[in-house]
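> The following comprises the amino acid sequence and a computationally predicted model.
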Amino acid sequence: MLDKTDPDLTLDVRPSVVQLASTIGGTRSLTLTTGLPMDCTKGQLDTLLDKITAASDRQKKLFDLEQTRMLLRNEEQNLHQHRLQVGAQELKFQTEYNMSGRKGEWEPKGSQKSIIEGLHKNVETSTERIKQLRAGIAKMEEECR
């Protein structure tokens, strides 16, 4: 059996393949593999490792960009839903007011006012989130160029 700790039996063997595995996102991984020339110097190996690492980092940035775009689409759908909810709730309250036979214009008061304000707050929050996501996407696109 070969004793690997015996200094007389160590060999100067250079790797012929370099492989880098990295995690991209929560559930995705990327493995990059490249061959090496047998006469590869340490400097060439370092340069190659830098290139592989840069490619892995770029792929992670592209994945993050796609995830952020998906978040933006979802938030735009949420904003649309929030606006529909505001309109539907106001229409419901106005209809109830008109059916009650009261005179004058309907104005939200008490719990109706709280409900309407809460729905408007949801619209404002979604609008602000969309602005943040768009700014983040612009920054990420610039980094990916």
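Arrived safely, thanks for sending. Numbering: from 1, shown residues only.

> who does the one helix or strand residue 114 maps to touch, helix- and strand-wise?
Element membership for residue 114, per DSSP states H and E: helix 111-144. Counting contacts by 3 or more C-beta pairs under 8 Å, 6 or more residues apart in numbering; DSSP states H and E, helix 111-144 is packed against helix 42-99. Any C-beta I mention is one placed from the backbone N, CA and C, and that applies to glycine too.

> Not counting its own residues, what contacts stretch 101-111?
Here stretch 101-111 makes contact (C-beta atoms under 8 Å, 6 or more residues apart in numbering) with 90, 93, 94, 97, 98, 115, 116.

> and that stretch, how far from the chain's centre?
44 Å (C-alpha atoms, centre = their mean, to the nearest Å).

> could you give the mean pLDDT of that stretch?
In this model, stretch 101-111 carries a mean pLDDT of 88.

> How about it, which residues are buried there?
Residues of stretch 101-111 classed as buried: residue 108 (neighbour count, 16 or more other C-beta atoms under 10 Å).

> End to end on that stretch, go ahead and measure it.
End-to-end span of stretch 101-111 (C-alpha to C-alpha, to the nearest Å): 20 Å.

> now stretch 33-49
OK, stretch 33-49 end separation, C-alpha to C-alpha: 10 Å.

> Next: stretch 22-42.
Criterion C-alpha to C-alpha; first-to-last residue distance in stretch 22-42 is 22 Å.

> The helix holding residue 114 relative to helix 42-99, how many degrees between them?
Put simply, helix 111-144 runs at 160 degrees to helix 42-99, going by axes from the mean of the first three to the mean of the last three C-alpha atoms, to 10 degrees.

> Okay, buried residues for helix 111-144 please.
For helix 111-144, by 16+ other C-beta under 10 Å, it's 112, 115, 119, 122, 123, 126, 129, 130, 133, 136, 140.

> OK, contacts around the fifth one?
Taking C-beta under 8 Å, 6+ apart as the contact definition, residue 123 lies against 79, 82, 83, 86.

> now this structure, which segments are flagged as low pLDDT?
Along the chain, the model assigns pLDDT under 70 to residues 1-15.

> could you redo the last one with a cut-off of 80?
Counting by pLDDT under 80, the chain contains low-confidence residues at 1-16, 25-26, 38.

> what's residue 109 sitting at in phi/psi?
Main-chain torsions, residue 109, degrees, to the nearest 10: phi -140, psi 150.
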